[in-house]
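Participant: Build me a structure from this.
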Amino acid sequence: DANGTFTVTGDGGSSNNGSGGALSGMTGSNMTAGGLEVAGNGAYLRNVAGVSFGRMNITGNQNNGVFAQDVTGLSLERCTIDQNGNDAVAPMVEGGLRFTRLGGTNSISESVISNSGGDNVFGAPASGSFVLEFTGGTVGPASGGSGIHVVGGGTAQMTLNVTNTTLTDHYVDGVQTTFG
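Facilitator: Numbering: from 1, shown residues only. Below you'll find the predicted structure:
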């Protein structure tokens, strides 16, 4: 739990060059329905706001590249999120990005999210306003799930914007949304 913001910018340049650092090779037990396993995620974010990752390589993590629960205002710019998650079986499908109860406006720009064990991107807002914006970049392929999978519940108000983003070669759907 934290107050304030957290920012990794890398060199600020116009390429996905990994200058922001790497989060890779994390191992731990597979995710369970409670979803609070810290080990095995490249980044584990809980009860924070204003987190920004720029020009990072988040690769080869056993569970998720980024797991975010009760997070508001997450931003990823020019990141490479590749080969994360080894479990594509419910209840906790693992993959590149997994958001549980994410709120506010969240953006993913000019990033590559690919080769996830489950969904490349999974979001599950439960209440409040949830905006997820993709601009540029590539989502795919995913060997065991969808490219972008958003499941709303409770009183959540969801908005998903995908602009100039390539969605390619997913086991299930390029974009899948459900509410209920």
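
Participant: got the contact list for the residue nearest to the spatial centre of the chain?
Facilitator: By C-alpha atoms, centre = their mean, the chain has its centre lying nearest to Leu97, at 2.0 Å. The neighbourhood of Leu97, defined by C-beta atoms under 8 Å, 6 or more residues apart in numbering, consists of Asn64, Gly65, Val66, Ala68, Leu76, Ile81, Ile108, Ile113, Asn120, Val121, Phe122. C-beta here means a position set from N, CA and C on the backbone, and glycine is covered the same way.

Participant: how about 10 Å then?
Facilitator: For Leu97, the contact set (C-beta atoms under 10 Å, 6 or more residues apart in numbering) comprises 42-43, 58, 64-68, 74, 76, 79, 81, 84-85, 106, 108, 111, 113, 116, 119-123, 132, 139, 148.

Participant: for Gly137, same thing?
Facilitator: Contacts of Gly137 (C-beta under 10 Å, 6+ apart): 16, 76-81, 108-113, 164-166.

Participant: Quick check: pLDDT value at the nearest residue to it once chain neighbours are set aside.
Facilitator: With C-beta to C-beta, 6 or more residues apart in numbering as the criterion, Gly137 has its nearest non-adjacent residue at 4.5 Å, and that residue is Ser111. pLDDT, Ser111: 98.

Participant: number of nearby residues for Ser111?
Facilitator: By other C-beta atoms under 10 Å, the residues close to Ser111 number 29.

Participant: Return the distance of it relative to Ser75.
Facilitator: Counting by C-beta to C-beta, to the nearest Å, the separation of Ser111 from Ser75 is 10 Å.

Participant: Please read off the pLDDT at the closest residue to Leu23 other than its chain neighbours from the model.
Facilitator: Residue nearest to Leu23 in three dimensions, not counting chain neighbours: Gly42, with 3.6 Å by C-beta to C-beta, 6+ apart. Gly42 is assigned a pLDDT of 96 by the prediction.
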